[in-house]
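>>> Quick one, structure for this:
(chains A and B)
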Number of protein chains: 2
Amino acid sequence: MPVKNRRWVLASRPAGKPVKENFRLEEEELRDPGEHEVLVRARYFSVDPGMRSRLSGDSYAQALGIGETIEGAMIGTIKASNNERFKEGDLVTAGFGWQEYALSNGRGITKLDASIFQPPLTVTAAIGVLGIPGLTAYFGLLDMGKPKEGETVLISSAAGPVGATAGQIAKMKGCRVVGIAGSKDKCEYVTRELGFDACFNYKQEKDLVAAIKKHCPDGVDIYFDNVGGEMLDAAIANANERARLIISGQVAEYNRPEPRGIRNTTRFITHRLRMEGLVVFDYFKQFPQAQAEMAGWIKSGKLKYTEDISEGIETAPEAFIGLFEGENHGRRLIKVG
Amino acid sequence: MPVKNRRWVLASRPAGKPVKENFRLEEEELRDPGEHEVLVRARYFSVDPGMRSRLSGDSYAQALGIGETIEGAMIGTIKASNNERFKEGDLVTAGFGWQEYALSNGRGITKLDASIFQPPLTVTAAIGVLGIPGLTAYFGLLDMGKPKEGETVLISSAAGPVGATAGQIAKMKGCRVVGIAGSKDKCEYVTRELGFDACFNYKQEKDLVAAIKKHCPDGVDIYFDNVGGEMLDAAIANANERARLIISGQVAEYNRPEPRGIRNTTRFITHRLRMEGLVVFDYFKQFPQAQAEMAGWIKSGKLKYTEDISEGIETAPEAFIGLFEGENHGRRLIKVG
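Reported below is the predicted structural model:
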């Protein structure tokens, strides 16, 4: 029996900050699955700040086309299957984007073992702390950052899913961890709940260089950057010799008509700095090992995570736009089924 | 018998481009060498663009003090020795700066084997192609860049001592090498004499991004940066996935009241870029092996170098200032004895 699917598509490209009009909710009837195909019913999908760059058509080879489904990670259940790998009721995850159903030949779908998602591990962790945000934190910090005991690790968007995970892993490695967030509540969350050593609210600071200096009196050895722009420059101004700058997100840049970038490139020579862009899919083969290790940390209470879940597919564009206002607290997900 | 020494000292800190008034020529009488000391008579010393950052007092921990001797590499001859490591007539090199004589306890002095400096290898190579500029090219390109056959290597200040050496080594590694220089003559020099595949005069180009694209149709895999600023940004705009950006010099930044930096940091994520600052002294232990390898290349005609020598200590400040006008052609040295 054909099902009615709703999906958010790109209606127009944002000029600067995305607005609701850039998105359009479309309804379509899906045919029954054909040979080797499955029908997936979504339970949750994610809204990700990094997706912003794919809404602009210019620089990025992989830009989304107008009318295409907005990207996101999905957790769903197999509703019907003509594919021997899957049976009805299987819990799966895939990059099916902002929609209620998906038809697929099975490629790119990962079957989840429902039995491992026991408290404190929720099923949504599969697209959160054990999904791309958590893996980004894991490989960015450990492989690119190579933290050493006693080093200072500075993290922007500290209360977001990437920053919060990176900070807790850095604590496990014996580092002093300093967060930057956009509210007093978020700072209290990362220091009291997650064990960061310090955190400051950048909205209350006029001089970012001085604020970082105050909270990182021994300088910065690793900067885990989710923001870019002035914050990245201020971190560079406080960078120690051989500091590692991990470019994970550039949220402050995505909505600017002209990028701001950084000024302080001469410090790369005087302080032997290294700045590197992180694409987590480069570590694809190591995902299972990392997920198993992080699941262990979660079960033993060493790694905590927070989710910020909106109900209903209608809420997705607003939830996405709110990411750039810094209003989210933890991984932002949409519950659709 | 005491000798009369002349030396250039820092008279005032340059605001922007250095001017002659920032330097003062002082005369002093040197005492005879004491116990374990040697007296060195300079033959040549170098004027280096990288020294510019040490003239400003702000950011750099190792800034030169007012009244201190301007830094530079020296080749000289031992005139008198109370140190068993040296005897009169020995050919030596050390960082004694812009002066005619130096008294030293011997620390930091390297004795040169005069017999290896046979044509085509001149004695000045010891502070040029076999000195810091050549070693910077060698380790920057080979260790940080890790060039692979068929890759495109883009080099700014291509006719300078670092760029010219880096380009020739990249050619030996089977790369396509594209230079950027400030005159038609320099471009002809690097393509006709040094074997670069292409070169363009940036002063004739309005759009640096387009100019690089034209000369690097397959994109840029390694950018060896001696300049910074707009040129670095334009190279990043043409960078391929996993491109390496080697920050060796930032000549375009040194004289600016406010640094310009780069804008395009989001490409670090979309193209997995890595940017790293080079401090050649980090490779100190590997210097002899690199110098031996480069000396072999010079003798077999694979590696060429050019020197731009001014006569007389009086010419040093003008020679230094001229570096920022792009007027030098090869390694700039002052002959003083």
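>>> so A:V9 makes contact with A:E71?
No: using CB atoms under 8 Å, A:V9 makes no contact with A:E71, being 11.1 Å away. From N, CA and C alone the C-beta is placed, and that goes for glycine too.
>>> The residue nearest in space to the middle of chain A - nearest residue in space that isn't next to it in sequence?
Centroid check for chain A by CA atoms, centre = their mean gives A:P133 as the closest residue, at 3.8 Å. Nearest residue to A:P133, sequence neighbours excluded (CB to CB, 6 or more residues apart in numbering or on different chains): A:P161, at 3.8 Å.
>>> Quick check: the gap between A:S46 and A:M74.
Distance of A:S46 to A:M74, computed by CB to CB, to the nearest Å: 8 Å.
>>> What lies in contact with the lowest-mean-pLDDT helix or strand in chain A?
None of the helices or strands of chain A scores lower by mean pLDDT, DSSP states H and E than helix A:251-254, at a mean of 81. Contacting residues not belonging to helix A:251-254 are listed as A:49, A:52-53, A:56, A:157, A:226-231, A:259-261, A:323-324, B:265-266 [CB atoms under 8 Å, 6 or more residues apart in numbering or on different chains].
>>> A:V178: what's it in contact with?
Here A:V178 is in contact with A:152-155, A:196-200, A:212, A:215-216 (CB under 8 Å, 6+ apart).
>>> Equivalent analysis for A:M144, please.
A:M144 neighbours (CB under 8 Å, 6+ apart): A:244, A:246, A:276, A:278.
>>> run the last query once more with 10 Å
Contacts for A:M144 (CB atoms under 10 Å, 6 or more residues apart in numbering or on different chains) come out as A:222, A:224, A:244-248, A:274-278, B:274.
>>> Sort out for me which of those are in helices.
Assigned to helices by DSSP state H, none of the contacts of A:M144 qualify.
>>> Indicate the residue of the stretch 101-250 of chain A located nearest to chain B.
With CB to the nearest CB as the measure, A:I247 is the residue of the stretch 101-250 of chain A nearest to chain B, at 4.3 Å.
>>> returning to what we had before: what do A:S46 and A:M74 both touch?
Common neighbours of A:S46 and A:M74 (CB under 10 Å, 6+ apart) are A:95, A:97-98, A:127, A:334.
>>> Now the buried members of these.
A:97-98, A:127, A:334 (16 or more other CB atoms under 10 Å in any protein chain shown).
>>> Would you check those and say which has the weakest pLDDT?
pLDDT across the buried ones among the shared contacts of A:S46 and A:M74 is lowest for A:I127, at 93.
>>> For the closest residue to A:A126 other than its chain neighbours, give me the pLDDT.
Closest residue in space to A:A126, ignoring its immediate chain neighbours: A:T93 at 5.1 Å, by CB to CB, 6+ apart. Note on A:T93: pLDDT of 95.
>>> Any idea how many residues pack against A:T93?
Using other CB atoms under 10 Å in any protein chain shown, A:T93 is surrounded by 22 other residues.
>>> Within the sheet, what are the partner strands of the helix or strand in which it is found, with directions?
Following DSSP states H and E, one finds A:T93 within strand A:91-94. Applying DSSP bridges, strand A:91-94 is found paired with strand A:74-81 (antiparallel), strand A:110-111 (antiparallel).
>>> for those strands, which one ends up most surrounded?
strand A:74-81 (a mean of 22; mean count of other CB atoms under 10 Å in any protein chain shown).
>>> can I get the CA coordinates of that strand in PDB?
Coordinates of each C-alpha in strand A:74-81 appear next as PDB, following Å, rounded to 0.1, in the frame of the first residue of the first chain:
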ATOM      1  CA  MET A  74      17.800   9.600  10.300                       C
ATOM      2  CA  ILE A  75      16.900   6.800  12.800                       C
ATOM      3  CA  GLY A  76      14.000   4.700  11.600                       C
ATOM      4  CA  THR A  77      12.300   1.400  11.400                       C
ATOM      5  CA  ILE A  78      11.900  -0.900   8.400                       C
ATOM      6  CA  LYS A  79       8.200  -0.900   7.500                       C
ATOM      7  CA  ALA A  80       8.500  -3.200   4.400                       C
ATOM      8  CA  SER A  81      11.500  -5.000   2.900                       C
END
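>>> thinking again about what came up before, is it possible to get JSON lines of the buried ones among the shared contacts of A:S46 and A:M74 that adds secondary structure?
What follows is those, written out as JSON lines (DSSP: H, G, I helix; E, B strand; the rest coil):
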{"residue": "A:G97", "secondary structure": "coil"}
{"residue": "A:W98", "secondary structure": "coil"}
{"residue": "A:I127", "secondary structure": "helix"}
{"residue": "A:I334", "secondary structure": "strand"}
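>>> now for those, which pair is the farthest apart?
Using CB to CB, the buried ones among the shared contacts of A:S46 and A:M74 span at most 12.8 Å, a distance reached by A:W98 and A:I127.
>>> quick one: common contacting residues for these two?
Contacts common to A:W98 and A:I127, judged by CB under 10 Å, 6+ apart, are A:45-46, A:72, A:74.
>>> Of the residues you listed, which is the nearest to A:K186?
Nearest to A:K186 among the shared contacts of A:W98 and A:I127, with distances taken as CB to CB, is A:S46, at 19.5 Å.
>>> Provide a list of residues in contact with that closest one.
Per CB under 10 Å, 6+ apart, neighbours of A:S46: A:71-75, A:95, A:97-98, A:124, A:127-128, A:131-133, A:161, A:307, A:316, A:319-320, A:331-334.
>>> Check A:L121 too.
A:129-130, A:294-295, A:298-299, A:305.
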